[in-house]
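[1] please work out how this folds:
(2 chains)
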Amino acid sequence: METTTSGDQPLLELKGIGKDFGAVRALQGVDLSIYPGEVVGIMGDNGAGKSTLVKIVAGNFPATHGDVRFEGELVHFRHPIDAREVGIEIVYQDLALADNLTATANVYLARELKRKFGPFSFLDHKKMANRALEIFGELRSETRPQQLIRQMSGGQRQAVAIARTRLANAKLVMMDEPTAAISVRQVAQVLSLIRGLRDQGVAVMLISHRMPDVFAVSDRIIVFRRGEKKADKPIKDSSPEEVTALITGAKEAA
Amino acid sequence: MSVPQQAPVSYANIGRERWWRRGIFASQAGYVTAALLVLLVIMHLASPYFFTTGNLQNVAKNFSFIAIAALGETFVIITAGIDLSVGSMMCFSAMITSMAMTSLSTPGMLGADLFVHVAADGKTVVANAPGLILLVSLLAGMGVALIVGLVNGFCVAVLGLSPFVTTLGTLSIVRGLAYVVSNGRGSFPGGPDVDYYYALTSGSLFGVPAPFLYLMFFAVVMAIVLHHTAFGRHVFAIGGNEKAAEMTGVNVTRVKISVYVISALAAGLQGIIICGWLGSAPANMAISYELNVIAAAVIGGANLAGGVGGPLGAIIGCILLEVIRNGLVLAQVNSYWQQTLVGVIIIAAVLVDRIRSRMS
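    Below is the predicted model:
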């Protein structure tokens, strides 16, 4: 798919981002932009700086150097909650779901809809279940709102974690290895979820080791090696062979 | 790459579970209820006295004596914690309440002038406002429970100590304090309000023992809190996946402190009720009751690993323990068998649940 939005203002813009942990330089001079409604694959070997980048954008820790702009505004995230407030959501690798609760309960965890009866407020089960069903529909996922997470497949669990980001009306969703430990059929489901998000105008950063998944769903690919950005190009201009070479260092940059 | 157009969402792979595999029927509380019914039939066959009004009242009263504390304990267990201090807490709250009642009603004691005066005959002590002494004493008893609950919660939620170790410590601390304040002698409720106290704790309404009525009230409140409020949902979420709850923005610290406070308050109230029935608060009151309370919760389906539990299970567990005790007495079985049987039932209840989850 063409990146049709490249003329617009970027949603997320990083300029000269660097991060030092003591004497270790985890990231260095990273410039990148993410536009609304595009899926960007972030690739790199272990220790290449992907996680550090995600954590900076998510507000887990600040960058040592450089500026982060979100929707054109300079931002300084101190806590994950700050990033969440402007519309950045993360789907963690372990998904952060309580498996003894239903899909709806997880989607609405800590954001429950309530109805007031005098001084007491009670959960509005019906409204939450209906909205959750709506979101699962938008994501084209076969997930029953009343089903317990424990009884769900990996793909359905991903849908629940992603539905949570839809609820918050996130503008940017970062997904950390969403296809790492699930079956082939479930991978297809997750990729379809990602396309569902993109169709809603959400930007998705897909952090993954799995080359075929990244190529199946991304519009653009960014490769990191040793804390530096080595490539940033439309997926149609690249190939798995080139990306492998970039990741391993067989090819210096593209 | 175009988006494949898919048919509207359909749920071909996920039909509704059959009725006996969902809801109450699929829970451990369900099996234990069934086991209880069988047991009741056996009891009836074993002893014609079992289903007499007097005996049933007795059973209802006796299991209510640990069931309110079991409700509080269940909150803690759902968050994957444990509260071992409930037995000591029962004793200490009862003791503080009865000591407060006595000393506030003794002219000459600190503060007593506010509450009582001596009648014209020079001997009878009369309350200035009937019921006020009782109210203040109850607040004192519940106040110490609140403090102990806050200490437990603070150690677990803020300092990050293990619930087992923390409450093992408070078990000993609180029991020690009970011995200290009474000098090991225990205490007795007294003063002009003592009749109200007995009426409220060991009286009955239309033949139903008062403790049983309190239990029903708290059980309904607990069911509503657990399943229809955000707090209850957070309690379950913490038990299911504490890290996830934290990351999604649940205030884990506050919820955890709350459950320990609830448990301590329930235990304190339980102690005050037991004291009304005994007519005293001996310093060794309710020793090792924490084990009965935890056993009842676990038999009723609360999972010590967290995330599962509810008021119905806790109560059924308490009833089962009491029916066994009562039945063995009626059947003239050596009462020392009781403990052995209780142990077997704890393991059997958990085992049945394990077998079921293996099969499904």
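[2] and A:D219, how far from B:F188?
    For A:D219, the distance to B:F188 equals 80 Å [CB to CB, to the nearest Å]. (Each C-beta comes from the backbone N, C-alpha and C, glycine too.)
[3] the two: who's more crowded?
    A:D219 (23 against 17; other CB atoms under 10 Å in any protein chain shown).
[4] which residue ranges form the strands in chain A?
    A:12-21, A:24-34, A:39-44, A:65-70, A:73-75, A:88-91, A:114-117, A:120-123, A:172-176, A:203-207, A:220-225, A:228-234 (DSSP state E).
[5] I'd like those strands laid out as JSON lines, including mean pLDDT and distance to A:I247.
    Shown next, in JSON lines, are the strands of chain A (pLDDT from 0 to 100; distance: least, CB to CB, whole Å):
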{"stretch": "strand A:12-21", "mean pLDDT": "90", "distance to A:I247": "20"}
{"stretch": "strand A:24-34", "mean pLDDT": "90", "distance to A:I247": "16"}
{"stretch": "strand A:39-44", "mean pLDDT": "92", "distance to A:I247": "6"}
{"stretch": "strand A:65-70", "mean pLDDT": "91", "distance to A:I247": "23"}
{"stretch": "strand A:73-75", "mean pLDDT": "90", "distance to A:I247": "30"}
{"stretch": "strand A:88-91", "mean pLDDT": "88", "distance to A:I247": "23"}
{"stretch": "strand A:114-117", "mean pLDDT": "89", "distance to A:I247": "48"}
{"stretch": "strand A:120-123", "mean pLDDT": "91", "distance to A:I247": "47"}
{"stretch": "strand A:172-176", "mean pLDDT": "90", "distance to A:I247": "17"}
{"stretch": "strand A:203-207", "mean pLDDT": "92", "distance to A:I247": "13"}
{"stretch": "strand A:220-225", "mean pLDDT": "92", "distance to A:I247": "6"}
{"stretch": "strand A:228-234", "mean pLDDT": "90", "distance to A:I247": "8"}
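[6] of those strands, which is nearest B:L269?
    Closest to B:L269 of the strands of chain A is strand A:120-123 (CB to CB; 21.0 Å).
[7] neighbours of B:G54, how many?
    8.
[8] correction: the previous question concerned A:G72.
    For A:G72, using other CB under 10 Å, the count is 9.
[9] that one against A:L11, yeah?
    No: at 9.2 Å, A:G72 does not count as touching A:L11 under the criterion of CB atoms under 8 Å.
[10] residue of the stretch 151-300 of chain B nearest chain A, please.
    B:G240 (3.4 Å; CB to the nearest CB).
[11] which residues touch that residue?
    A:A98, A:D99, A:N100, A:L101, B:G306, B:G307 (CB atoms under 8 Å, 6 or more residues apart in numbering or on different chains).
[12] hmm, A:E73 and A:Q9 touching each other?
    No: counting by CB under 8 Å, A:Q9 stays clear of A:E73, with 10.6 Å between them.
[13] for the chain, which segments count as helices?
    Just going to use chain A. A:50-58, A:80-86, A:103-107, A:125-138, A:154-167, A:184-199, A:211-217, A:240-248 (DSSP state H).
[14] sorry, should have said chain B
    Using DSSP H, helices in chain B cover B:28-46, B:53-78, B:86-104, B:132-153, B:163-182, B:194-202, B:210-228, B:230-240, B:242-248, B:252-278, B:289-299, B:311-330, B:337-359.
[15] which of the residues in the fifth one are buried?
    Burial within helix B:163-182, assessed by neighbour count using 16 or more other CB atoms under 10 Å in any protein chain shown, is assigned to B:P163, B:T166, B:T167, B:G169, B:T170, B:L171, B:V174, B:R175, B:L177, B:A178, B:Y179, B:S182.
[16] could you do the shortest one as well?
    Along helix B:242-248, the positions that meet the burial threshold by neighbour count (16+ other CB under 10 Å) are B:E242, B:A244, B:A245, B:E246, B:M247, B:T248.
[17] for the nearest residue to the fifth one once chain neighbours are set aside, list the residues it contacts.
    Closest residue to B:M247 apart from its sequence neighbours, by CB to CB, 6 or more residues apart in numbering or on different chains: A:A96 at 4.7 Å. The neighbourhood of A:A96, defined by CB under 8 Å, 6+ apart, consists of A:A161, B:N241, B:K243, B:A244, B:M247, B:T248.
[18] hmm, 7 Å instead?
    By CB atoms under 7 Å, 6 or more residues apart in numbering or on different chains, the residues touching A:A96 are B:K243, B:A244, B:M247, B:T248.
[19] quick check: residues of chain A near chain B?
    A:1, A:92, A:96-101, A:105, A:109-110, A:112, A:114, A:122-123, A:136-137, A:140, A:142, A:144, A:147, A:195, A:199 (CB under 7 Å from any CB of the partner chain).
[20] so how far is B:V76 from the most centrally placed residue in chain B?
    Central residue of chain B (CA atoms, centre = their mean): B:A69, 1.4 Å from the mean position. Going from B:A69 to B:V76 by CB to CB gives 11 Å.
[21] now do B:P107
    Relative to B:V76, and taking CB to CB, B:P107 is found at 42 Å.
[22] who's more crowded, the two?
    The neighbour count for B:P107 versus B:V76, taken as other CB under 10 Å, is higher for B:V76 (33 against 11).
[23] by neighbours, which of the contacts of B:G240 wins?
    Using other CB under 10 Å as the neighbour test, those are led by A:A98, with 28 neighbours.
[24] list the contacts of it.
    By CB under 7 Å, 6+ apart, the contact set of A:A98 is A:N106, A:L109, A:I149, B:A237, B:G240, B:N241, B:A244, B:A245.
[25] max pairwise distance over these: which two?
    A:I149 and B:A245 (13.0 Å).
[26] could the contacts of A:A96 be laid out in JSON lines, adding distance to A:K230 and pLDDT?
    Formatted as JSON lines, the contacts of A:A96 follow (distance: CB to CB, whole Å; pLDDT from 0 to 100):
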{"residue": "B:K243", "distance to A:K230": "34", "pLDDT": "88"}
{"residue": "B:A244", "distance to A:K230": "34", "pLDDT": "87"}
{"residue": "B:M247", "distance to A:K230": "31", "pLDDT": "81"}
{"residue": "B:T248", "distance to A:K230": "35", "pLDDT": "82"}
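[27] what does the stretch 251-360 of chain B put close to chain A?
    Counting by CB under 7 Å from any CB, the residues of the stretch 251-360 of chain B that sit close to chain A are B:G307, B:V308.
[28] show me which residues of stretch A:189-202 are buried.
    A:Q189, A:V190, A:L191, A:S192, A:L193, A:I194, A:R195, A:G196, A:L197, A:R198, A:V202.
[29] let me fix that, I meant to ask about stretch A:147-167.
    Of all the residues in stretch A:147-167, those buried under the rule 16+ other CB under 10 Å are A:147-149, A:152-167.
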